[in-house]
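> Structure for the following, please:
(chains A and B)
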Amino acid sequence: MTGTNAARPSAQIEPQRVALVDLLDRVLAKGVVVSGEVILSIADVDLVRVSLQALVSSVRAQAQGPLRDAAMVTDNAHQPEEG
Amino acid sequence: MAEELGVWAYAITASRPGPQGVDDVTGVDHEPVRTIEKAGLVAVVGTVHLDEFGEEPLRRKLDDLESLEAIARAHHEVVALSARRAPAVPMRLATVYRDDARVAAMLAERHDDLLQALKQIAGRTEWGVKGYATNAATAAAAEAEAGSASHRPGTSYLLRRRAQLSATEDARHQAMVSAQEIHETLAGLAVAARLHAPQDPQLTGEAGWMVLNGAYLIDDVAVERFAAEVRALSDRHTAMRLQLTGPWPAYSFSAIEDAVDDAVDDAVDDAVDDAVEDKDPLA
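Residues are numbered from 1 along each chain as shown, chains lettered A, B, ... in the order given. Model prediction:
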């Protein structure tokens, strides 16, 4: 949705480069969990902790790595301190 | 030997996506995304190879930052696309079924819950608000600097250090109070609100101590007002830097309660409570 007024955070839902940490908050912790015939679901908290631990170590190891870019807020996000 | 296949679930919607469907996006295994319909509900799914996305290989992938990011982004892209077309309940990352029949059975079995979840999010989107305490960060930085600058623990140093620690505590306490006020105000404008655990500064790359990581389910018609309130709160709380993210698919507001999920939610809620009560959750 190019050309949208950036000062106006309207309900545009176009793909943006969202911050990985914000995404992980959501896709790992929440979302529907329906058990039953699921082979694997990350309802397993330990697995989530392990993954995030790995994530933290990786980030520390590559402080200048690609996550620096990924950690920016979405392009369409309003940043009050600049507005 | 035949390849073993599984069905990765992305989201559930109440109506089949439009004529163009979800054909223009591929999933976590670069597979075409398709739909399975049952009982008036539609599961957005993709067929994945179990040698890559079965339980063991998947665990290994999720422990690796690069593959975790690739999977999370691919999953999100399908969920977000589904959510743009129709109200969609996101599935948690890494929900894999043995075959289409199991997915259909799930849709039938959880029909009422899913319908209720869809009703809750229709015409609404999720917005995230993160708050960083700038004062507390400054105070903590000054404290660290003072600690390293002096090597002689004389009386004047100890007194100065005690004062700095006290100032840091005050700043942090003030930040928690502000975060609470901000959250309550924003929750008042939301259909539902929920707190995520504060993010590790190592992951955010942000200077400042995160004291608020809230998610708010907002009526589409109220989004402008919500954003304006975030601006107003930001102006009012000068020691706090606020970031608004979104719109998100309703990830934080789609939990369907079952025994397993309750346990996880309780654990997360406890962690959040601890973080709010603890003066220094990042220590």
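
> Quick one: low-confidence residue ranges for chain B.
Scanning chain B with the threshold set as pLDDT under 70 gives B:1-2, B:15-23, B:135-153, B:257-283.

> Okay, helices next: where are they in it?
Residue ranges of the helices in chain B, as given by DSSP state H, are B:50-53, B:55-62, B:65-85, B:100-109, B:111-121, B:134-149, B:155-189, B:201-204, B:223-236, B:259-277.

> now for those, which one comes closest to residue B:211?
Proximity to residue B:211 (C-beta to C-beta) singles out helix B:155-189 among these, at 4.1 Å. The C-beta positions use only the backbone N, C-alpha and C, and glycine is treated the same way.

> now the angle between helix B:223-236 and the closest one, please.
For helix B:155-189 against helix B:223-236, the angle by axes from the mean of the first three to the mean of the last three C-alpha atoms, to 10 degrees is 160 degrees.

> packing partners for helix B:155-189?
strand B:124-133, helix B:134-149, strand B:192-195, strand B:209-219, helix B:223-236, strand B:240-248 (3 or more C-beta pairs under 8 Å, 6 or more residues apart in numbering or on different chains; DSSP states H and E).

> What residues sit buried inside the fourth one?
Of all the residues in strand B:209-219, those buried under the rule 16 or more other C-beta atoms under 10 Å in any protein chain shown are B:209, B:210, B:211, B:212, B:213, B:214, B:215, B:216, B:217, B:218.

> now do the fifth one
Applying a neighbour-count criterion of 16+ other C-beta under 10 Å, the buried positions in helix B:223-236 are B:223, B:226, B:227, B:229, B:230, B:231, B:233, B:234.

> from the buried residues of strand B:209-219, which are also near chain A?
Among those, the ones lying near chain A by C-beta under 8 Å from any C-beta of the partner chain are B:213, B:215.

> JSON lines for the buried residues of strand B:209-219, including distance to residue B:249?
JSON lines is the format used below for the buried residues of strand B:209-219 (distance: C-beta to C-beta, whole Å):
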{"residue": "B:209", "distance to residue B:249": "28"}
{"residue": "B:210", "distance to residue B:249": "23"}
{"residue": "B:211", "distance to residue B:249": "26"}
{"residue": "B:212", "distance to residue B:249": "21"}
{"residue": "B:213", "distance to residue B:249": "17"}
{"residue": "B:214", "distance to residue B:249": "17"}
{"residue": "B:215", "distance to residue B:249": "11"}
{"residue": "B:216", "distance to residue B:249": "14"}
{"residue": "B:217", "distance to residue B:249": "11"}
{"residue": "B:218", "distance to residue B:249": "13"}
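
> Nearest to residue B:67 among the buried residues of strand B:209-219?
residue B:213 (24.8 Å).

> surely the closest one meets residue B:128?
Yes: contact criterion C-beta atoms under 8 Å: residue B:213 and residue B:128 qualify, at 7.5 Å.

> Which residues are in contact with each of those two?
Counting by C-beta atoms under 8 Å, 6 or more residues apart in numbering or on different chains, the shared contacts of residue B:213 and residue B:128 are residue A:25.

> and which of the buried residues of helix B:223-236 is nearest chain A?
Set against chain A, the nearest of the buried residues of helix B:223-236 by C-beta to the nearest C-beta is residue B:234 (3.6 Å).

> how near is that closest one to residue B:128?
Counting by C-beta to C-beta, to the nearest Å, the gap from residue B:234 to residue B:128 is 14 Å.

> out of the helices and strands packed on helix B:155-189, which comes closest to residue B:4?
Of all these, strand B:240-248 comes closest under C-beta to C-beta, at 33.3 Å.

> how many degrees apart are the closest one and strand B:209-219 in direction?
40 degrees.

> Please compute how far strand B:240-248 lies from its chain's middle.
The chain centre lies 12 Å from the centre of strand B:240-248; the measure is C-alpha atoms, centre = their mean, to the nearest Å.

> Verify the stated contact: residue B:46 with residue B:10.
Yes: look at residue B:46 against residue B:10 with C-beta under 8 Å: they come within range, at 7.1 Å.

> For stretch B:24-43, measure first residue to last.
17 Å (C-alpha to C-alpha, to the nearest Å).

> So is that stretch next to chain A?
No: if you take C-beta under 8 Å from any C-beta as the test, stretch B:24-43 misses chain A, and the best it gets is 9.4 Å.

> Residues contacting that stretch, please?
B:7-17, B:21-23, B:44-49, B:52-53, B:70-71, B:74-75, B:77-78, B:81, B:100, B:103-108, B:111, B:114-115.

> what's near enough to touch residue B:73?
Counting by C-beta under 8 Å, 6+ apart, residue B:73 has contacts A:20, A:23.

> Just put the buried residues of helix B:223-236 in a markdown table and tack on distance to residue B:245.
As requested, the buried residues of helix B:223-236 are exported to a markdown table (distance: C-beta to C-beta, whole Å):
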| residue | distance to residue B:245 |
| --- | --- |
| B:223 | 13 |
| B:226 | 12 |
| B:227 | 11 |
| B:229 | 15 |
| B:230 | 11 |
| B:231 | 15 |
| B:233 | 15 |
| B:234 | 14 |
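
> Intersect the residues you listed with the contacts of chain A.
B:223, B:227, B:230, B:231, B:234.

> Mind picking the two most distant members of the residues you listed?
Greatest spatial distance among these (C-beta to C-beta): B:223 and B:234, at 16.6 Å.

> okay, the helices of chain B in a markdown table with distance to residue B:37 next?
Converted to a markdown table, those look like this (distance: least, C-beta to C-beta, whole Å):
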| stretch | distance to residue B:37 |
| --- | --- |
| helix B:50-53 | 23 |
| helix B:55-62 | 26 |
| helix B:65-85 | 14 |
| helix B:100-109 | 8 |
| helix B:111-121 | 12 |
| helix B:134-149 | 51 |
| helix B:155-189 | 36 |
| helix B:201-204 | 39 |
| helix B:223-236 | 31 |
| helix B:259-277 | 25 |
